[in-house]
Each structure stands twice: as C-alpha cells, then as structure tokens.
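Undergrad: Here you go, sequence then predicted model.
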Amino acid sequence: MNKYVGILCGIIVVSLGLAAFAFLTRGGEDGNITIVRTPDQTEAEWPPAIFNPLSLIVELPSTPNLAEGRPVTATSFTDVYVPANAVDGTVTSYWESQGWPADFTIQLDGVHSVSTVAVQVNPSLLWEARSQGFEVLVSLDGEAFSTVVPHAMHDFDPLTGNTVRLDFAPVQALYVRLHFTVNTASRTMGAQAAAIRVFGG
Ligand SMILES: [Ca+2]
C-alpha cells in the first residue's frame, strides 16, 4: 500500500513541477511575467547615501593651461628635479626646491587675465598627504610682484588627486610666481610640484 502511495506522490510532485515550468515558460512569452531591464550604465554610480570617492577629486578649469611648456625659473632645485618638470604636462615628473624659501616663476606667452592657479604633486597613493605653505603673486614686468593669494597652508591629499586649486579675482599677469615656505612631507626639505597650472578668467 505504502509503495503505491509513494509512487503516486512522486507522480504528483513531478507533475506539479512540470506544470509550474510550463506556466513560467508560457508566462515569459505572453507577458504574465514582467521582465525588468536595467539601463546601460556608462559610468560608476553611487547612491547618495554612500560615499563616492570620485566626488573628492579636485576639478580643474576646462580652459587651456597657460603655464604648460612656458619658460620657468626657480630659486633652487634638487638633483634632477628641475623647474621645467612642473610645466611639462605630466604629473610623474616634478620640481623640488633645495631649501627655503622657494620661488617658482612662470612667464606666460603674453599678458593674460588669470583667475586660477592649481598646484599638484604626484597623485599616486604612494605620495603621502602633505601640506605646503605658499602664496601666489603676479607681475607685468618680472620685477614688481603683487600678492593675489596670501600665504597659507594648503593640504595635498592623494584622495583628492593631490591637487590644490586656488581661485581669485581676475588679474592681469605676464608672470605668475609661487612663493613656497614649508612642506610637511617627511622625506623632503623643499617645495614640491609635479604640475603648476595657470588658467585665464
Ligand atoms: Ca611634471
């Protein structure tokens, strides 16, 4: 008796399974099952409540970098870390001064109205976070300089691209100078900059 009950139950279970499969298959074809397709995702997205590390990256103006490839001078440099490394268009090369204070001066290709200066050290996480103290000055003749951003400590953090962006009221300039006084990085005795950029405005 139990044997037949067992066989009967097995038949019922198999039948129900086949019926369910047939129902689901048929449903997908005639619309009883709603198929939800996610939109194509073209870039990384974070829900608002979740930390988005890319939101910390310092953005730069989209206008041309007036400093790139221009003649530059510095009061000093260390080893192979020459001043031109700060305007060569790559963040893997850098200028490093030999002691303090350290002036870095860029000659633009003519008088420009400038309103942004950005200083960046190598954005690699291998470069520890540091602070550098400096001010920004401009000149029309390379002799008399006036301060447009007073001296202050600025934080460089690899999590934000190791970039400091300073915006100021537009000012006419043929020369842009950064006057560095301190760098808190543990393995240097001088100012460091992989890219010093100047933007018009
Ligand atoms: Ca560089």
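TA: It's in.

Undergrad: wait, isn't Leu174 in contact with Leu140?
TA: Yes - in this structure Leu174 lies within contact range of Leu140 using C-beta atoms under 8 Å: 5.1 Å. (C-beta placed from N, C-alpha, C; glycine too.)

Undergrad: who's more crowded, those two?
TA: Residue environment comparison for Leu174 versus Leu140 gives the larger neighbour count to Leu174, 17 against 14, counting by other C-beta atoms under 10 Å.

Undergrad: From Thr181, how far off is that one?
TA: As judged by C-beta to C-beta, to the nearest Å, Leu174 and Thr181 stand 24 Å apart.

Undergrad: Kindly report the same for Thr92.
TA: Note on Thr92: its distance to Thr181, by C-beta to C-beta, is 26 Å.

Undergrad: Between those two, which has more neighbouring residues?
TA: Thr181 (14 against 11).

Undergrad: Give me the three-state assignment for the residue of the chain found nearest the ion.
TA: Nearest to the ion in the chain, going by C-beta to the ion, is Ser93, at a distance of 3.9 Å. At Ser93, secondary structure determined by DSSP: H, G, I helix; E, B strand; the rest coil is coil.

Undergrad: Count the residues that sit near it.
TA: Neighbour count for Ser93, taken as other C-beta under 10 Å: 16.

Undergrad: OK, contacts around the nearest residue to it once chain neighbours are set aside?
TA: The shortest distance from Ser93 to any non-neighbouring residue, by C-beta to C-beta, 6 or more residues apart in numbering, is to Asn85 (4.1 Å). For Asn85, the contact set (C-beta atoms under 8 Å, 6 or more residues apart in numbering) comprises 93-95, 194.

Undergrad: repeat that for 7 Å
TA: When contacts are counted by C-beta atoms under 7 Å, 6 or more residues apart in numbering, Asn85 is found next to 93-95.

Undergrad: Return the helix or strand in this structure with minimum mean pLDDT.
TA: Taking mean pLDDT, DSSP states H and E as the measure, the helices and strands of the chain show their lowest mean at helix 2-30, namely a mean of 56.

Undergrad: Name the surrounding residues that touch the following helix or strand past that one.
TA: Tracing the chain C-terminally past helix 2-30 and defining elements by DSSP states H and E, one meets strand 72-74 next. Residues external to strand 72-74 that are found in contact with it (C-beta under 7 Å, 6+ apart): 83-84, 86-87, 95, 97, 102-106.
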